[in-house]
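**Q** need a structure here:
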Amino acid sequence: MKLAILASLFGAAAAFAPATTGGASSTTALNAEKSGALPFMPYPENLKGYVGDVGFDPLRISDYVPMDYLREAELKHGRICMLAWTGFVAVDMGMRVTPVPESWQGLTAATAHDATVASGALGQIFGWIGLLEMVSWIGVSQMLQGSGRAPGDFGWGLQYLEGKSDSEVEKIKLQEIKHGRLAMLAFSGVITQAVLYDKGFPYV
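**A** Numbers count the residues shown, from 1 in each chain. Alright, predicted model coming up:
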């Protein structure tokens, strides 16, 4: 009986003793580096060292997918959208590559989709792009296996980096990243506006 009472007293005392392990881990979590873009979230460590890093990865995709692959995808989508926005707006401002089939006269960038699918022109473009994707995957695969290839580097436009300092090269790369990110948003917006309002540039 005395042993039971003594054990209960020690148990009660332990309940009010300060916890050390849990407190230390909580303090570490609170003091962890925060994301610059989302200051209420921890900084995604795998983004460190990449041009254009502002700590934006709310889904923590970089924890599961190689960063070089993610940067390759970002650059590719950004470059495509820069071209796509320019082409979409150019068509709606009257630019044409002649000769244009008579049935395509009066088409807008938005309505051209169905017409070019019906004629088979868009299918040919899809086929050629698919072929380029398969060929480009060779370089991407080698990069992921440690070839040293930089994400998005296909050997084009390198002459613009010749004679530049490291800081100047980084600035040019940052410009491409920012323009690509803006273009992805801009192309999404221009498509939405063109379809919703059925009007040409500036789509309002």
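**Q** contacts and neighbour counts: CA atoms only from here.
**A** Fine.
**Q** The helix of greatest length in the chain - contacts with which helices or strands?
**A** Ranked by residue count and defined by DSSP state H, the top helix of the chain is helix 166-197. Using 3 or more CA pairs under 8 Å, 6 or more residues apart in numbering; DSSP states H and E, the elements in contact with helix 166-197 are helix 67-92.
**Q** how about whatever helix or strand comes next after the helix it packs on: buried residues?
**A** With elements assigned by DSSP states H and E, the helix or strand that comes after helix 67-92 is helix 112-119. Buried residues in helix 112-119, counted by 16 or more other CA atoms under 10 Å: residue 112.
**Q** And residue 23, what's its pLDDT?
**A** pLDDT recorded at residue 23 is 51.
**Q** go on, residue 27?
**A** Residue 27 is given a pLDDT of 48.
**Q** and what of residue 105?
**A** Predicted confidence (pLDDT) for residue 105: 85.
**Q** For it, give its distance to residue 203.
**A** Distance, residue 105 to residue 203, using CA to CA, to the nearest Å: 20 Å.
**Q** the more surrounded of those two?
**A** residue 203 (17 against 10; other CA atoms under 10 Å).
**Q** Just to check, the more buried one is in contact with residue 190?
**A** Yes - counting by CA atoms under 8 Å, residue 203 touches residue 190, with 7.3 Å between them.
**Q** Residue 181 and residue 78 touch, don't they?
**A** Yes - with contact defined as CA under 8 Å, residue 181 and residue 78 form a contacting pair (5.8 Å).
**Q** Between these two, tell me which one has more neighbours.
**A** residue 78 (23 against 18).
**Q** Might one say that that one is in contact with residue 180?
**A** Yes - using CA under 8 Å, residue 78 is in contact with residue 180, at 3.7 Å.
**Q** low pLDDT regions in this protein?
**A** By pLDDT under 70, the low-scoring segments of the chain are 1-31.
**Q** swap the cut-off to 50 and go again
**A** 1-7, 9-20, 24-27 (pLDDT under 50).
**Q** show me the contacts for the closest residue in space to residue 91 that isn't next to it in sequence.
**A** The shortest distance from residue 91 to any non-neighbouring residue, by CA to CA, 6 or more residues apart in numbering, is to residue 109 (5.8 Å). Applying CA atoms under 8 Å, 6 or more residues apart in numbering to residue 109 gives the contacts 88-89, 91-92.
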